[in-house]
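Asker: Predicted model and sequence below, questions to follow.
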Amino acid sequence: MTTGEQSAAPLLGEPTIGELRHALRGELITPTDPAYDTARGVWNGMIDRRPALIARCSDAGDVATAIGFARSEGLTVAVRGGAHNVAGNATCDGGLVIDLSTMKGIRIDRERTTVRAEAGLTWGELDAATQALGLATTGGLVSSTGIAGFTLGGGVGWLMRRHGLACDNLIGADMVTADGAVLHASEADQPDVLWGLRGGGGNFGVVTEFEYRLHPVSTVLGGLVAWPAHRAGDVLRFWREWAREAPADVCTLGVFLYAPPEPFIPPEAQGTPIFAIAVCHIDPDGRAEDDLRELRAFGPPVVDVIGPMPYTALQGMFDAGAPAGLQNYWKSSYLAGLDDATIDVILGHTTSIPAPFGQVHLHQLGGAVGAAQDSGASGHRGAGFLLNIVGTWADPAETERGTAWVRGFAAAVEPHAMGAYVNFMGDEGDARIRAAYEPATFARLRELKAQLDPTNVFRLNQNVPPAR
């Protein structure tokens with residue numbers, strides 16, 4: 001079964017719908033409601049689906065009610081948090097969407113340096129609350145991304161080389177299972193479930209609340225340096241060597257993009273292809289300037305906007321380049337490293353990135369990401385980099401050309417790749433989902449799925465089928 005499979009919708013009478021509306025503390029939205037078109041929309045403009053019902057839940061009890069209704073009426077279930085998932089799994093045709101977007105409770109424990117966060121929060125909202133106390137956990141690179149799907153799929157972010165992926169910082173979760181039970185998972189209670197939630201996606205139930213470990217983070221040395229795209233080969237070869245020796249307090253991201261019309265970009269470079277290295281140094285020991293000096297001097301770059309900034313400013317640095325509603329088609333691959341052959345493949349395909357929104361990302365891994373090998377299901381901990389081919393365009397008429405570029409690039413890099421990353425995958429089929437995990441991990445996930453969701457109610461995701 002692939003992630004895109006959805007069952008035909010049964011016909012629901014108004015009395016039946018009325019029963020669900022009456023049972024919910026939250027709001028039930030139907031196709032006749034004025035809010036329907038807004039409520040069914042997701043971040044990826046390529047996704048246009050029409051659910052039969054949208055249950056905007058207020059608490060775990062509402063979630064259990066919605067799951068029970070969907071099962072009794074034979075409805076496909078989709079789960080919506082921040083709706084940023086590129087595959088569009090936060091919605092469905094003809095089924096029921098369990099919408100968590102209004103569940104935004106936050107409780108910070110300053111003594112334990114932890115936070116309990118409800119599943120409707122975005123990273124911008126959670127960061128704003130924790131940063132008021134000078135604390136943070138690894139979060140997404142676009143502030144409008146929801147915490148829920150991001151964490152369950154792994155979660156690469158600026159703090160990962162020092163503090164691990166988002167899922168590595170998940171120390172507890174409240175989840176509603178397919179039979180409507182509310183389960184708490186932690187290291188002390190249901191540790192196998194917590195292991196599965198750390199990278200196994202939304203396969204096991206609807207997580208309504210996450211508990212994260214927090215870390216002291218406030219002002220960082222962040223920003224980016226950039227060179228003309230024709231210098232990218234030299235920069236990539238320099239960067240791979242520099243990255244090997246970089247301390248875990250620094251995390252970098254290589255980006256091929258078209259220079260935006262921003263004041264910090266020289267006028268003659270705006271709109272032209274560039275290669276940038278974005279940087280976050282949490283600088284706990286005051287050595288960030290020294291650690292980054294060699295990187296900033298290479299070339300030299302045509303743009304250098306690295307400086308002290310609030311962590312929240314860094315977290316929103318890429319927001320303008322990821323607006324809701326554009327057409328998005330992505331593929332990802334883990335890379336062991338950036339050998340010359342891999343670099344040649346990358347350079348051969350970055351000359352035709354769809355303008356002006358398309359990008360190619362190379363996330364530097366290592367550090368705490370690799371050290372957390374056994375903490376959860378998230379795979380390929382030994383990779384040095386994560387490649388994300390970001391096909392993005394505004395005009396649907398460009399879809400054929402854009403998707404062909406992404407597919408061609410992904411096929412060319414596959415001989416050099418280690419596997420896929422769950423959060424950057426579209427609807428790519430069973431084999432690609434298996435490639436996101438080591439074989440033993442996938443087998444363990446299937447056993448956990450069989451325990452918690454044996455009939456695969458939660459299948460609109462990068463689906464792990466239950467063991468038979």
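Answerer: Done, it's in.

Asker: where does the chain have low pLDDT?
Answerer: For the chain, applying pLDDT under 70 flags the ranges 1-10.

Asker: centroid residue for it?
Answerer: Nearest residue to the geometric centre of the chain (CA atoms, centre = their mean): residue 150, 3.9 Å.

Asker: can you pull the contacts of the residue nearest to that one when sequence neighbours are not counted?
Answerer: With sequence-adjacent residues excluded and distances taken as CB to CB, 6 or more residues apart in numbering, residue 150 is closest to residue 140, at 5.0 Å. To be clear about C-beta, it is placed using only N, CA and C from the backbone, and glycine gets the same treatment. Residue 140 sits next to 84, 123, 147, 150, 155, 157, 166, 315 when contact means CB atoms under 8 Å, 6 or more residues apart in numbering.

Asker: Give me the phi and psi angles of the third one.
Answerer: Backbone torsions for residue 147, taken as degrees, to the nearest 10, come to phi -70, psi -30.

Asker: again, but for the second one
Answerer: According to degrees, to the nearest 10, the main-chain angles of residue 123 amount to phi -70, psi -30.

Asker: That one contacts residue 316, correct?
Answerer: No. Here residue 123 does not reach residue 316: they are 9.3 Å apart, not a contact under CB atoms under 8 Å.

Asker: Could you pick out which of the contacts of residue 140 are located in helices?
Answerer: 123, 147, 150, 315 (DSSP state H).

Asker: the strands in the stretch 101-250 of the chain, which residues?
Answerer: 106-109, 114-118, 135-136, 170-176, 182-186, 206-213, 215-216, 219-228, 250-258 (DSSP state E, counting those that start in this stretch).

Asker: so which of those strands comes closest to residue 441?
Answerer: Set against residue 441 and scored by CB to CB, those come closest in strand 170-176, at 16.5 Å.

Asker: For burial, what's the neighbour tally of residue 439?
Answerer: 8 (other CB atoms under 10 Å).

Asker: where's residue 387, which helix or strand?
Answerer: Assigned by DSSP states H and E, residue 387 belongs to strand 385-393.

Asker: Residue 331 now?
Answerer: Counting by DSSP H and E, residue 331 is found in strand 327-335.

Asker: picking up where we left off before, can you redo the strands of the stretch 101-250 of the chain as a markdown table with distance to residue 264?
Answerer: Formatted as a markdown table, the strands of the stretch 101-250 of the chain follow (distance: least, CB to CB, whole Å):
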| stretch | distance to residue 264 |
| --- | --- |
| strand 106-109 | 33 |
| strand 114-118 | 33 |
| strand 135-136 | 25 |
| strand 170-176 | 36 |
| strand 182-186 | 44 |
| strand 206-213 | 33 |
| strand 215-216 | 29 |
| strand 219-228 | 9 |
| strand 250-258 | 14 |
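
Asker: among those, which is nearest residue 356?
Answerer: strand 250-258 (4.6 Å).

Asker: How far does that closest one sit from its chain's centre?
Answerer: Taking CA atoms, centre = their mean, to the nearest Å, the mean C-alpha location of strand 250-258 is offset from the chain mean by 17 Å.

Asker: Just the C-alphas of it, formatted as PDB.
Answerer: The C-alpha trace of strand 250-258 is given here as PDB (Å, rounded to 0.1, in the frame of the first residue of the first chain):
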ATOM      1  CA  VAL A 250      28.200  24.800  14.600                       C
ATOM      2  CA  CYS A 251      25.700  23.600  12.000                       C
ATOM      3  CA  THR A 252      25.800  24.600   8.400                       C
ATOM      4  CA  LEU A 253      23.400  24.200   5.400                       C
ATOM      5  CA  GLY A 254      24.500  24.500   1.800                       C
ATOM      6  CA  VAL A 255      21.900  26.000  -0.500                       C
ATOM      7  CA  PHE A 256      21.700  26.400  -4.200                       C
ATOM      8  CA  LEU A 257      19.100  29.200  -4.900                       C
ATOM      9  CA  TYR A 258      18.300  32.300  -6.900                       C
END
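
Asker: which helices and strands sit right next to whatever helix or strand comes next after it?
Answerer: Where DSSP H and E defines the elements, the next helix or strand beyond strand 250-258 is strand 273-281. Contact analysis of strand 273-281 by 3 or more CB pairs under 8 Å, 6 or more residues apart in numbering; DSSP states H and E lists strand 219-228, helix 232-245, strand 250-258, helix 288-297 as its packing neighbours.

Asker: now those in TSV, with mean neighbour count and distance to residue 365?
Answerer: Output for the helices and strands packed on strand 273-281, formatted as TSV (neighbours: other CB atoms under 10 Å; distance: least, CB to CB, whole Å):
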stretch	mean neighbour count	distance to residue 365
strand 219-228	21	18
helix 232-245	17	9
strand 250-258	23	9
helix 288-297	15	17
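
Asker: the helices in the stretch 1-150 of the chain, which residues?
Answerer: 14-23, 36-40, 60-73, 123-131, 147-152 (DSSP state H, counting those that start in this stretch).

Asker: do the same with the stretch 301-450 of the chain
Answerer: Using DSSP H, counting those that start in this stretch, helices in the stretch 301-450 of the chain cover 311-315, 340-349, 368-371, 399-413, 430-434, 439-452.

Asker: list the contacts for residue 170?
Answerer: 151, 194, 197, 198, 210, 211, 212, 376.

Asker: now the fourth one: how far from residue 170?
Answerer: When CB to CB, to the nearest Å is applied, the distance between residue 198 and residue 170 equals 6 Å.

Asker: picking that back up, of the helices and strands packed on strand 273-281, which is nearest residue 404?
Answerer: Among the helices and strands packed on strand 273-281, strand 250-258 sits nearest to residue 404 (CB to CB), with 17.7 Å.

Asker: In its sheet, which strands sit next to the closest one, and in what direction?
Answerer: Using DSSP bridges, the strands paired with strand 250-258 are strand 273-281 (antiparallel), strand 359-364 (antiparallel).

Asker: these two touch, right, residue 460 and residue 77?
Answerer: Yes. Residue 460 lies in contact with residue 77 (CB under 8 Å); the separation is 6.9 Å.

Asker: Comparing these two, which shows the higher neighbour count?
Answerer: Neighbours were counted for residue 460 and for residue 77 using other CB under 10 Å; residue 460 has more, 25 against 22.

Asker: Distance of the more buried one relative to residue 160?
Answerer: Counting by CB to CB, the gap from residue 460 to residue 160 is 27 Å.

Asker: Repeat that for residue 317.
Answerer: 16 Å.

Asker: More neighbours: which of these two?
Answerer: Taking other CB under 10 Å, residue 317 and residue 160 do not tie; residue 160 has more neighbours (27 against 19).
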